[in-house]
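test case, fold it:
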Amino acid sequence: ELPAGARVLYVSARGDDSNDGATPERALRSPARALSLARDGTGDRVLLRRGDRWELEAPLRVEVSGASERAPFVLGVHGGGDARATLATRGEHGLELVGRDAMRGLEHVRIEGLALEEQRSVESVGDGVSEGVHLVAPDGATATARDVTLEDVSIRGYGVGLSALGTNTTEGVRELRLHHVLVLDTHHARNAIGLLFSRVRGLELDEIVVDRVQRDGRAPSVFDHSVYIQTDCEDVHVRGSVFARAPDGVMQRAGGVLEDNLIVDVAIGALEGYVFGGAVPTPGGVTFRVERNVFLDLGDLSPELGRGVGLYVGNVRSGVVSQNLVARSRAASPWSSWAFAVMGETNDGNLGVRDLAIVHNEVRDMPMLARVAGTALETVRFEDNLVVLRPGPLPALSLDRELPLVFLRTRGALGDRLQVGPTEVPLAPWLAQHGEALVPGDAARPLRDVAAYHASIGGRPSLEAFLEAVRAQSGHGWRASLGGRAASAWIRDTAAR
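Numbering: from 1, shown residues only. Now for the predicted structure:
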């Protein structure tokens, strides 16, 4: 329902900028022209015709705020069907979200039903800027944005899919939500990042997709990411999403909630808290909850940069890792491939690990259960985990030194030894000393994967076919069965557990 006093401006590729835009029949032609007519603080709407396409040489700039949470400014779509309105862009940014008011920033804005596509070639972009959506404050502003939502938006082919940066303002970004957003084929000559966030308080990523993140002409590096959430963010929730075919899944350096996601064909599934290489860690450590995720098919960044890690944690005040599946290492070097990396180190300002519970998880077909580094660990508890490691010569655990770990009700097949410093020691007496003896577990139950899940919902049995279907979602036709929540639940097979 249109708020009182607000108006709608219709835009069509076959419209005319001499029209008033008051009806679809009198549509404007240019999205920029319509935005220039939208009034700040009124709840106006600029609606682009579904299925139409615009070629834009300069970024499309949104400077209009809404009236309230219930009366936002909307840049959306009109017309029937599920096709998005396409903005084919050639500027350094596709869509710029910048408030006119330096005190308030951009407030109460919804972007929905758009497809942004980078049109410049790899050669023409070079080392330059290529961002699909750029949310930032002008210099000298005290606030960046508040209450901004992206719904049913596709962002394809940029060096950074979306960046929300509150670094040059007092208040940063507050209440940013992405729902049913696709970030596809992110690539750049230097660093490719699907989603980048800094100084965001109240970040929700719900049922989004980030697929394919790569560096042009070079092997991936530790600076290429699907989702990079800086340590200066707060109140972060990432739920029900799919992250695939990238160097990593979610770098959640500020902590928060990571639940019900499918993270597949990556080198590092996720990271909570830990920082290295000059970044500033969260003072006092982070709090996080990582639950009901699937980390599957974990490989190397490159032949020179071995990985294959499900979850890195460090700089932890309090953390729970529960009911996740970590499975199937693809790493060439098994010595660098672990289900969990617990970093009890104090380098770079990290405080180590104060309270960490790794409980009710399942680990399958991994060379090693965990790498526990450093000595700044207070309480680290492994409890009621089912662990079936890949048969081989490696120890189940690698510890820098004897540490105060607790192991309770560990089930499955862990081999017969672990490594403490440079020395390998028998596993059974060590487990008895630190908790309980190993309990036989269900090692025979077959591992489910994405191919099997897609077949179970009527699709072709391959990861590629599943991701092809995921990438094609739009509008009201969005299927819950192609989201991270449904896929991860079936693969984890919670009923069988």
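
pLDDT below threshold where in the stretch 201-350 of the chain?
277-278 (pLDDT under 70).

correct me, but residue 487 touches residue 451?
No - using CB atoms under 8 Å, residue 487 is not in contact with residue 451; the gap is 11.2 Å. Yep, even glycine has a C-beta here, placed from its N, CA and C like the rest.

report the set of residues contacting both of the two.
Common contacts of residue 487 and residue 451, defined by CB atoms under 8 Å, 6 or more residues apart in numbering, comprise residue 466.

of the two, which one has the most company?
Comparing residue 487 with residue 451 by neighbour count (other CB atoms under 10 Å), the higher total belongs to residue 487, at 28 against 16.

ok but the more buried one is inside a helix, no?
Yes - counting by DSSP: H, G, I helix; E, B strand; the rest coil, residue 487 is part of a helix.

report how many residues lie close to the residue nearest to it when sequence neighbours are not counted.
Closest residue to residue 487 apart from its sequence neighbours, by CB to CB, 6 or more residues apart in numbering: residue 262 at 4.6 Å. The number of residues packed near residue 262 is 30, by other CB under 10 Å.

wait, residue 262 touches residue 491, no?
Yes - between residue 262 and residue 491 there is a contact under CB under 8 Å: 7.3 Å.

just the helices in the protein please.
31-37, 122-125, 427-434, 450-456, 463-471, 484-492 (DSSP state H).

next, the buried residues of the shortest one.
Put plainly, it is helix 122-125. residue 125 (16 or more other CB atoms under 10 Å).

also the fifth one?
When burial is assessed from 16+ other CB under 10 Å, helix 463-471 yields the following buried residues: 463, 466-467, 469-471.

mind listing the shared neighbours of residue 262 and residue 491?
294, 296, 450.

follow-up on the earlier one: which of the helices of the chain has the lowest average pLDDT?
Least confidently modelled of the helices of the chain is helix 122-125, at a mean of 72 by mean pLDDT.

what comes into contact with that helix?
By CB under 8 Å, 6+ apart, helix 122-125 touches 118, 159, 187-189, 216-217.

mind listing the strands for the stretch 351-497 of the chain?
In the stretch 351-497 of the chain, the strands defined using DSSP state E, counting those that start in this stretch lie at 353-359, 362-364, 368-374, 377-383, 386-388, 397-399, 405-408, 411-413, 417-420, 423-426.

could you dump the ones you listed into TSV and include mean neighbour count and mean pLDDT?
Below are those laid out as TSV (neighbours: other CB atoms under 10 Å; pLDDT from 0 to 100):
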stretch	mean neighbour count	mean pLDDT
strand 353-359	21	95
strand 362-364	24	94
strand 368-374	24	92
strand 377-383	19	91
strand 386-388	22	91
strand 397-399	23	90
strand 405-408	18	83
strand 411-413	17	82
strand 417-420	19	90
strand 423-426	12	91
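
between those strands, which one is closest to residue 179.
strand 362-364 (29.0 Å; CB to CB).

what helices and strands are in contact with that closest one?
Where contact means 3 or more CB pairs under 8 Å, 6 or more residues apart in numbering; DSSP states H and E, strand 362-364 is packed against strand 325-329, strand 386-388.

would a markdown table of those strands with distance to residue 70 be doable?
Formatted as a markdown table, the entries for the helices and strands packed on strand 362-364 read as follows, by distance: least, CB to CB, whole Å:
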| stretch | distance to residue 70 |
| --- | --- |
| strand 325-329 | 40 |
| strand 386-388 | 47 |
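
list the contacts for residue 330?
297-300, 308.

repeat for residue 309
267-269, 298, 336-341.

of the helices and strands packed on strand 362-364, give the one that comes closest to residue 405.
Using CB to CB, the nearest of the helices and strands packed on strand 362-364 to residue 405 is strand 386-388, at 14.2 Å.

what lines up beside the closest one in the sheet?
Strands that pair with strand 386-388, judged by DSSP bridges, come out as strand 362-364 (parallel), strand 411-413 (parallel).

show me what residue 295 bridges to in the sheet.
residue 263, residue 326.

how far away is it from residue 484?
The gap separating residue 295 from residue 484 is 12 Å, by CB to CB, to the nearest Å.

which of the contacts of residue 309 sits closest to residue 406?
Closest approach between the contacts of residue 309 and residue 406, by CB to CB: residue 340, at 14.4 Å.

list the contacts for the closest one?
309-311, 313, 321, 326, 358, 369-371.

and these, which is closest to residue 26?
residue 311 (55.1 Å).

which residue packs closest to residue 184, ignoring adjacent ones?
residue 156 is the one closest to residue 184 (CB to CB, 6+ apart), at 4.5 Å.

one more: residue 32?
Nearest to residue 32 is residue 60, by CB to CB, 6+ apart, at 6.1 Å.

what is the burial count for residue 23?
10.

for the closest residue to it other than its chain neighbours, list each beta-bridge partner.
What sits nearest to residue 23 in space, not counting adjacent residues and going by CB to CB, 6+ apart, is residue 10, at 6.3 Å. When bridges are called by DSSP bridges, residue 10 pairs up with residue 47.

was I right to think residue 10 contacts residue 16?
No - the pair residue 10 / residue 16 is not scored as a contact, 11.5 Å apart, by CB under 8 Å.

residues contacting residue 231?
Contact partners of residue 231, counting by CB under 8 Å, 6+ apart, are 253-254, 275, 279-282, 286.

pull the residues that contact stretch 99-108.
With CB under 8 Å, 6+ apart as the criterion, stretch 99-108 contacts 40, 62-69, 71-73, 97-98, 135, 137-138, 140-148, 169, 171.

hey, what's residue 75 bridged with?
residue 46, residue 111.

what's the pLDDT at it?
98.

pLDDT of the lengthiest strand in the chain, averaged?
Using DSSP state E to define each element, the chain has its longest strand at strand 173-188. Mean per-residue pLDDT for strand 173-188: 95.

that one pairs with which strands?
Applying DSSP bridges, one finds strand 173-188 paired with strand 145-156 (parallel), strand 200-206 (parallel), strand 209-215 (parallel).

just to revisit the earlier point, neighbours around the residue nearest to residue 32, how many?
Around residue 60 there are 21 residues (other CB under 10 Å).

give me the beta-bridge partners of it?
Going by DSSP bridges, residue 60 forms beta bridges with residue 95.

who's in contact with it?
31-32, 35, 87, 89, 94-96.

from those residues, list the buried ones, please.
31-32, 35, 87, 89, 94-96.
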